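Novice: Just to be clear, the model below is a prediction. Sequence and coordinates:
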Amino acid sequence: EAEVAQSPRYKITEKSQAVAFWCDPISGHATLYWYRQILGQGPELLVQFQDESVVDDSQLPKDRFSAERLKGVDSTLKIQPAELGDSAMYLCASSRDGGHNSPLHFGNGTRLTVT
Amino acid sequence: AQSVTQPDIHITVSEGASLELRCNYSYGATPYLFWYVQSPGQGLQLLLKYFSGDTLVQGIKGFEAEFKRSQSSFNLRKPSVHWSDAAEYFCAVGPNQAGTALIFGKGTTLSVSS
């Protein structure tokens, strides 16, 4: 079964440094999501793309976070500068068309530790 | 505002015993409801979903959930728990608008004792 690919699996960075995460959704999936999951919490949406367009980035801290999906396929999430509170699991998910009849498929996430 | 509440942070069940994980939602209209499971260090896997129709839905791995509109609940059940079911379980609600992202509860950690 096709999977959502994320890299790296783990990232340790010092505060004030820049960090980037990559996601390759399942082929043909138009909708891509970035979620942040703090330890002991449920995932919270950061940004949602439909093809290359941002549908919802209302919860994305835009002073330090940016996300792009230039060709409507893979996506990059960047944090600059990283802060201690950014330590979390960053999950990417994709769905065929964003409708609720096309379920979300999640990647295994990137575990970020900011020291 | 839409929200999901999972009242139990951690539950321990003996292997072979039955399981019920609670989920309550707050939403003005009929929501779409989901249960996901997450093993340590992994992404989330869909167990089951409810959109409409029969209020008892069957999912993978022997799980089922019942939608009760009067109680705004969508509890997850399994008649006999296996040790491999130990994981974190998340209830999620999706407003019935295409393209709107899911809202997750804080999760319930399930431990299985032998």
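Specialist: Received, thanks.

Novice: got the contact list for the residue nearest in space to the middle of chain A?
Specialist: Nearest to the centroid of the C-alpha atoms of chain A, with distances taken as CA atoms, centre = their mean, sits residue A:34, at 2.9 Å. Contact analysis of residue A:34 by CB atoms under 8 Å, 6 or more residues apart in numbering or on different chains lists A:23, A:45, A:46, A:47, A:48, A:67, A:75, A:77, A:90, A:91, A:92. All C-beta spots, glycine's among them, are computed from the backbone N, C-alpha and C.

Novice: so which of these comes closest to residue A:14?
Specialist: Of all the contacts of residue A:34, residue A:90 has the smallest distance to residue A:14: 17.4 Å, by CB to CB.

Novice: returning to what we had before: who wins for neighbours among the contacts of residue A:34?
Specialist: Counting neighbours by other CB atoms under 10 Å in any protein chain shown, residue A:91 leads these with 28 neighbours.

Novice: before we move on, which element is it in?
Specialist: With elements taken from DSSP states H and E, the one containing residue A:91 is strand A:88-95.

Novice: what's in contact with the helix or strand just after that strand?
Specialist: Remark: after strand A:88-95, the chain's next helix or strand is strand A:105-106, criterion DSSP H and E. Applying CB under 8 Å, 6+ apart, the contact partners of strand A:105-106 are A:2-4, A:25-26, A:29, A:91-95, B:36, B:43-45.

Novice: Three-state assignment for residue B:8, please.
Specialist: Residue B:8 carries the three-state label coil when classified by DSSP: H, G, I helix; E, B strand; the rest coil.

Novice: That one: neighbour count?
Specialist: Around residue B:8 there are 14 residues (other CB under 10 Å).

Novice: Give me every residue in chain A lying close to chain B.
Specialist: A:4, A:31, A:33, A:40-45, A:48, A:50, A:55-56, A:91, A:93, A:97-101, A:103-104, A:106-109, A:111 (CB under 8 Å from any CB of the partner chain).

Novice: List buried residues within the residues you listed.
Specialist: Among the residues of chain A next to chain B, the ones that count as buried by 16 or more other CB atoms under 10 Å in any protein chain shown are A:4, A:31, A:33, A:42-43, A:45, A:48, A:50, A:55-56, A:91, A:93, A:98-100, A:103-104, A:106-109, A:111.

Novice: And the furthest pair within the contacts of strand A:105-106?
Specialist: The span of the contacts of strand A:105-106, defined through CB to CB, is set by A:2 and B:36 at 18.2 Å.
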